[in-house]
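K.L.:
just need the structure, nothing else, for what follows:
(chains A and B)
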Amino acid sequence: MSGGTLNWRIDEREGARIAAPAGRVDESTATAFTERLIGEAGAARTMLVLDLSGIAYMSSRGLRALTLAQREATRSGSTIVLARPNETMREILAISRYDMIFKVADTIEDALAG
Amino acid sequence: MQVRFWGTRGSLPVAAKAATVRDKVATALVAADGRRFADEAEARVYLETELDFAAAHTYGGATSCVEIDVGEGAFIVCDMGSGLREFGLDSLGRCAGGHTREWHFFLSHLHWDHIMGFPFFVPAFVPGSKIVIHAGHADAETALRRQQEEISFPVPFDWLKADIEFRTLVPGQDYAIGAVTVSLIEQHHSHLSYGYRFRDAAAKVAVYSTDSEHKIDRMEGEADVVAFFGGADLVVCDTMYSLADSVSMKEDWGHSSNIVAVDLCHEAAAKRLALFHHEPTYSDADIERMHRESIRYEELTRGAAPLEVLCAYDGLVVEI
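P.N.:
Next up is the predicted model:
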């Protein structure tokens, strides 16, 4: 359940923190993904844009990590926007109804526009 | 082993209204497009093979009651929801055919929807019946007696004619009960709940895990659940809510989601998952949509061997 890691690219733009992990979020990577994502949510001043373009797919553990990170973001006065999911991730977000509790943007620019 | 579903609805019994049946008939007639059927049998074939399940059937509305039939020994029944009434009558019919008059119950927990069928369980009124009620809860007897107190029900528990015994089971142990080996696991739910793992003489395994919330901040603890589900031929799993609902508005309501169930079964290398404890506000179409989405999620996240995703309905029989 733990041990695997993802490659992360971090950027700052227009006051927002943009985090772009790459890989699969499954049982082997979920723990590291959760810890890193919560850290990024805490580090974002106003908004964390989670660029999903490099995520092949995400199991429920990864989705639940999004909720834990959103709680951390709320505590620190920011919010999380999901951006650029691939078709598989779009389906998973719809099936889980996470597209109803997170804003999902087609582009980074749309995410930054709020 | 056969697993029979006598009640599959969560929280509260529901029933189809007149308009629901009317709309299904209308759908079937329009879909038939003027076709003629020689008899009802031919019409049934059409309904079974050409219409969606929700169009031609209903998932039913009785609350949790699942029979584990290993072909020998006493009856084995998980929970006493409103589906128990029909099971009780059916089992008496089988007793008339020579089946032993002994019933072993395994209670997930003591909330109303899981015990409300017992006051209507006819074998309990019949002298000569032997009933053993297994539970992880030490207060199971208190719960069953209380629901038959005068303020709630006209027939007191002490008027029942069956020989009724209560046994408290402890998680982590294997119990040889009748023709099965049973173990249980504590689950997260108000006043706790317990999941049960049944293994028969042919080493077939069925797991019954309902009213179990997999907490968002305790994901590491799910390794125990995965081990409990490990290699099961069938896992009956609480899939009442969407994941989003289970971590937001309905967090701490004690239930799980379809996609967490798929993930746990994937990790456990289980062979089949039965979606169970359906949300009472869901229509047949809603449940069918949830079933389709669960199958699709399983396809999207499949690692190795496929997991067959079934959707339990009142009357479903699964052969293992």
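
K.L.:
ok, the residue lying farthest from the centre of chain B to B:Ala41 distance?
P.N.:
If you look at how far each residue of chain B sits from its centre, by CA atoms, centre = their mean, the farthest one is B:Gly34, at 38.8 Å. Noted for B:Gly34: a distance of 20 Å to B:Ala41, by CB to CB, to the nearest Å. Where C-beta positions appear, they are placed from N, C-alpha and C, glycine not excepted.

K.L.:
what does B:Gly93 give?
P.N.:
24 Å.

K.L.:
now swap in B:Ile259 and tell me
P.N.:
39 Å.

K.L.:
same deal with B:Ala274?
P.N.:
28 Å.

K.L.:
what residues does chain A put near chain B?
P.N.:
Counting by CB under 8 Å from any CB of the partner chain, chain A comes close to chain B at A:1-2, A:26-27, A:30-31, A:34, A:57, A:59-61, A:63-64, A:67-68, A:88, A:91-92, A:95-98, A:100-101.

K.L.:
which ones among those are found in helices?
P.N.:
Among those, DSSP state H puts A:30-31, A:34, A:60-61, A:63-64, A:67-68, A:88, A:91-92, A:95 in helices.

K.L.:
circling back: tell me which of B:Ile259 and B:Ala41 has more neighbours.
P.N.:
The residue with more neighbours, out of B:Ile259 and B:Ala41, is B:Ile259; 28 against 8, by other CB atoms under 10 Å in any protein chain shown.

K.L.:
ok, that one - contacts?
P.N.:
Applying CB atoms under 8 Å, 6 or more residues apart in numbering or on different chains, we find B:Ile259 in contact with A:59-60, A:63, A:92, A:95-96, B:243, B:294, B:297.

K.L.:
so it, which state does it fall into?
P.N.:
State at B:Ile259, reduced to three classes by DSSP: H, G, I helix; E, B strand; the rest coil: helix.

K.L.:
returning to that earlier point: okay, the ones in helices among the residues of chain A next to chain B in CSV with pLDDT and neighbour count next?
P.N.:
Below are those laid out as CSV (pLDDT from 0 to 100; neighbours: other CB atoms under 10 Å in any protein chain shown):
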residue, pLDDT, neighbour count
A:Ala30, 90, 25
A:Thr31, 91, 18
A:Thr34, 94, 21
A:Ser60, 95, 31
A:Arg61, 93, 23
A:Leu63, 96, 28
A:Arg64, 94, 27
A:Thr67, 97, 21
A:Leu68, 96, 18
A:Thr88, 96, 14
A:Glu91, 98, 18
A:Ile92, 98, 27
A:Ile95, 98, 24
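
K.L.:
quick one: name the residues of the stretch 151-300 of chain B near chain A.
P.N.:
Residues of the stretch 151-300 of chain B lying near chain A (CB under 8 Å from any CB): B:216-217, B:219-220, B:222-223, B:242-245, B:247-248, B:257-260, B:262-263, B:267, B:293-294, B:296-297, B:300.

K.L.:
among those, which are located in helices?
P.N.:
Among those, the residues falling in helices (DSSP H) are B:222-223, B:243-245, B:258-260, B:262-263, B:267, B:293-294, B:296-297, B:300.

K.L.:
quick one: the residue nearest to B:Val260 when sequence neighbours are not counted from B:Gln147, how far?
P.N.:
Residue nearest to B:Val260 in three dimensions, not counting chain neighbours: A:Ser60, with 4.7 Å by CB to CB, 6 or more residues apart in numbering or on different chains. To B:Gln147, A:Ser60 is 35 Å away according to CB to CB.

K.L.:
and A:Leu68, by the same measure?
P.N.:
Taking CB to CB, one finds A:Leu68 at 39 Å from B:Gln147.

K.L.:
now do A:Glu35
P.N.:
Distance, A:Glu35 to B:Gln147, using CB to CB: 46 Å.

K.L.:
now A:Arg9
P.N.:
Counting by CB to CB, the gap from A:Arg9 to B:Gln147 is 59 Å.

K.L.:
which one's more surrounded, the two?
P.N.:
Regarding A:Arg9 and B:Gln147, a neighbour count based on other CB under 10 Å identifies B:Gln147 as having more, with 17 against 11.
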